[in-house]
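K.L.:
Sequence first, then the predicted structure, then my questions.
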Amino acid sequence: MNRPIRKVAVLAALMVFALLANASWLEIGRAQTLNGDTRNRRVTDAEYARNRGPIMVGTQAIAQSVPSTGRFAFARTYPQPLLYAHVTGFYAYDFGSAGIELNYSKQLAGTSDDQFFTRIVDALTGKDPAGGSVTTTIDPRAQQAAYDGLAGRKGAVAAINWATGEVLAYVSLPTYDPNALSSTDLNVAREAWESLNNDPNRPLANRASREIYPPGSTFKIITAAAALEDGTAPDTLWDAPAELRLPLTNTVLTNQVDCGDGQVTLEFSLINSCNTSFANIGMQLGADKLRAQAEKFGFNNQNLATDVPWSASKFPTELDSPQTALSAIGQFDVAATPLQMAMVIGAVANDGQVMQPHLVKEVRANDLSIVHVNRPVRLEKAMSTGNAELLQEMLVKVVNEGTGSAAKVDGARVGGKTGTAQSDPDRPPYAWFVAFSENPDIAVAVFIEDAEVERNDIAGGRLAGPIAKAVIEALRP
């Protein structure tokens, strides 16, 4: 073989090797990425040809596939769309998916690694492939109470079992109809997508755990926890002037209720939500201690391993003294999701232990065998058991004696905290209420973004407290 032919042969061999290497890389290294790409129509078409499994609340399907005519063998339907839209999410041909439909897509399609042997059995027996079922942690009584309590107002309710982290209620309003987005008539789906995205009320926005807002005085729970952990006792006295000029500024902080014009205890400050004393507590503790305490409760955690749609709540860095004072009362650049604030008060109820929230209880294959169960997962120990018990008693007094009386439930031990947060001078404040109860072991956060009342009538306890009470009462034995 002469030299030119040898060069051509070597070049051809290298090209064949490169082709084989690229094919192997596509098959092994990039297969998962390419299969998960929403632009991969072959994968999407294959999924639409499969009987996707249901999403369950107890024994009731809140998302299911039904036989369809035309291009697709099955259509995805949602029997109670408005009530559970932000739980299920949607499953759209052109626009991907959201919620459980996204986070458990492979399990619902029957293509997860956990369902490998089920697929083998189906193939050997000639059974048509079908997806698995996903059972949520949602309690339908709590979900309905939360939805009804918001009464169409823009806002959210997130409730968890504080001992296990199970999400019991998960409501965001305004809501939407996932049936339209998931329609097999793609023109209907596109029109729904355009309409929802152009809606100024942003119904697709998940206010329960994907949007962050100033938490206002509900953040005083964290400031009180930081003070207790720093050695403060409930009866320690703090300066609570009627007006507090923040250092280095012309800003004057006042109290929304009569806190006197002298010194008050930490307990009195929390019961009556005294801004000036909590601002002084924050400045004495310092930004670093406040931030460290907030982060123990879950703030600034971008990588929480949860199946709940998640955005990290935020406690700012690089605070000066007046900014620290405002942060101590949940203002300045502090921002939180309702789910995060439910986790905060839930951790207090759980003797200081933060639990990882989860929205799915178990996954079953199409033969009903259990292939995955979500167990309770402990995160940080946010505060000592002793200090958590002290804070519990203080929060119970907020409900029994202070600003949280609207959440009082006869025969139950309920603790809570009100919050009214300034967001923008051109819009009304946000109304918050967070609460915990024992028997049922539940922590709930209620957030009202637009109360549709006059600015002066907005108060977290008055507006959001009754919703928290209704959710707790819905689960009473």
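P.N.:
In hand now; what should we look at?
K.L.:
all contacts plus neighbour counts: C-alpha atoms, from now on.
P.N.:
Fine.
K.L.:
quick one: contacts for residue 17?
P.N.:
Contacts for residue 17 (C-alpha atoms under 8 Å, 6 or more residues apart in numbering) come out as none.
K.L.:
Now it: which helix or strand?
P.N.:
Assigned by DSSP states H and E, residue 17 belongs to helix 3-24.
K.L.:
same question, residue 206
P.N.:
Applying DSSP H and E, one finds residue 206 in no helix or strand.
K.L.:
Can you show me the CA trace of the helix holding residue 17 as PDB?
P.N.:
What follows is helix 3-24, C-alpha atoms only, in PDB (Å, rounded to 0.1, in the frame of the first residue of the first chain):
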ATOM      1  CA  ARG A   3       1.800   6.200   1.300                       C
ATOM      2  CA  PRO A   4      -1.100   8.300   0.000                       C
ATOM      3  CA  ILE A   5      -3.500   5.400   0.400                       C
ATOM      4  CA  ARG A   6      -2.200   4.800   4.000                       C
ATOM      5  CA  LYS A   7      -2.900   8.400   4.900                       C
ATOM      6  CA  VAL A   8      -6.400   8.200   3.500                       C
ATOM      7  CA  ALA A   9      -7.000   4.900   5.400                       C
ATOM      8  CA  VAL A  10      -5.800   6.400   8.700                       C
ATOM      9  CA  LEU A  11      -7.900   9.500   8.200                       C
ATOM     10  CA  ALA A  12     -11.000   7.300   7.400                       C
ATOM     11  CA  ALA A  13     -10.300   5.200  10.500                       C
ATOM     12  CA  LEU A  14     -10.100   8.300  12.700                       C
ATOM     13  CA  MET A  15     -13.300   9.700  11.300                       C
ATOM     14  CA  VAL A  16     -15.100   6.400  11.900                       C
ATOM     15  CA  PHE A  17     -13.700   6.300  15.400                       C
ATOM     16  CA  ALA A  18     -14.800   9.900  16.000                       C
ATOM     17  CA  LEU A  19     -18.300   9.100  14.700                       C
ATOM     18  CA  LEU A  20     -18.500   6.100  17.000                       C
ATOM     19  CA  ALA A  21     -17.200   8.100  20.000                       C
ATOM     20  CA  ASN A  22     -19.800  10.900  19.300                       C
ATOM     21  CA  ALA A  23     -22.600   8.300  18.900                       C
ATOM     22  CA  SER A  24     -21.600   6.700  22.200                       C
END
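K.L.:
ok, now which ones touch the closest residue to residue 325 other than its chain neighbours?
P.N.:
Nearest non-adjacent residue to residue 325, counting by C-alpha to C-alpha, 6 or more residues apart in numbering: residue 279, 4.3 Å away. By C-alpha under 8 Å, 6+ apart, the contact set of residue 279 is 324-326, 328-329.
K.L.:
ok so, going back, and the helix holding residue 17, average pLDDT?
P.N.:
Mean pLDDT, computed over helix 3-24, is 77.
K.L.:
From here on, call the first residue 53.
P.N.:
OK, 53 is where the count begins now, so the last one is helix 55-76.
K.L.:
For it, list every residue counted as buried.
P.N.:
Buried residues in helix 55-76, counted by 16 or more other C-alpha atoms under 10 Å: none are found.
K.L.:
now the closest residue to residue 385 other than its chain neighbours, what's its secondary structure?
P.N.:
Leaving aside its sequence neighbours, residue 385 sits nearest to residue 368 (C-alpha to C-alpha, 6+ apart; 6.1 Å). Here residue 368 takes the coil state, with states given by DSSP: H, G, I helix; E, B strand; the rest coil.
K.L.:
Likewise for residue 423?
P.N.:
Classified using three-state DSSP, residue 423 is strand.
K.L.:
Relative to residue 99, how far out is it?
P.N.:
For residue 423, the distance to residue 99 (C-alpha to C-alpha, to the nearest Å) stands at 20 Å.
K.L.:
swap in residue 122?
P.N.:
15 Å.
K.L.:
Okay, now the unreliable bits of the protein?
P.N.:
The model of the chain has pLDDT under 70 over residues 53, 76, 78-95, 98, 166-181, 475-479, 503-513.
K.L.:
Comparing residue 423 and residue 99, which residue is more hemmed in?
P.N.:
A direct count of neighbours by other C-alpha atoms under 10 Å for residue 423 and residue 99 places residue 99 higher, at 23 against 16.
K.L.:
which secondary structure element contains the more buried one?
P.N.:
With DSSP H and E as the criterion, residue 99 is inside helix 93-100.
K.L.:
how many neighbours does the nearest residue in space to residue 298 that is not next to it in sequence have?
P.N.:
Leaving aside its sequence neighbours, residue 298 sits nearest to residue 374 (C-alpha to C-alpha, 6+ apart; 5.4 Å). Around residue 374 sit 20 other residues, with neighbours defined as other C-alpha under 10 Å.
K.L.:
Of all residues in this structure, which one is nearest the centre?
P.N.:
residue 261 (2.8 Å; C-alpha atoms, centre = their mean).
K.L.:
check contacts around that residue.
P.N.:
By C-alpha under 8 Å, 6+ apart, the neighbours of residue 261 are 360-363, 389-392.
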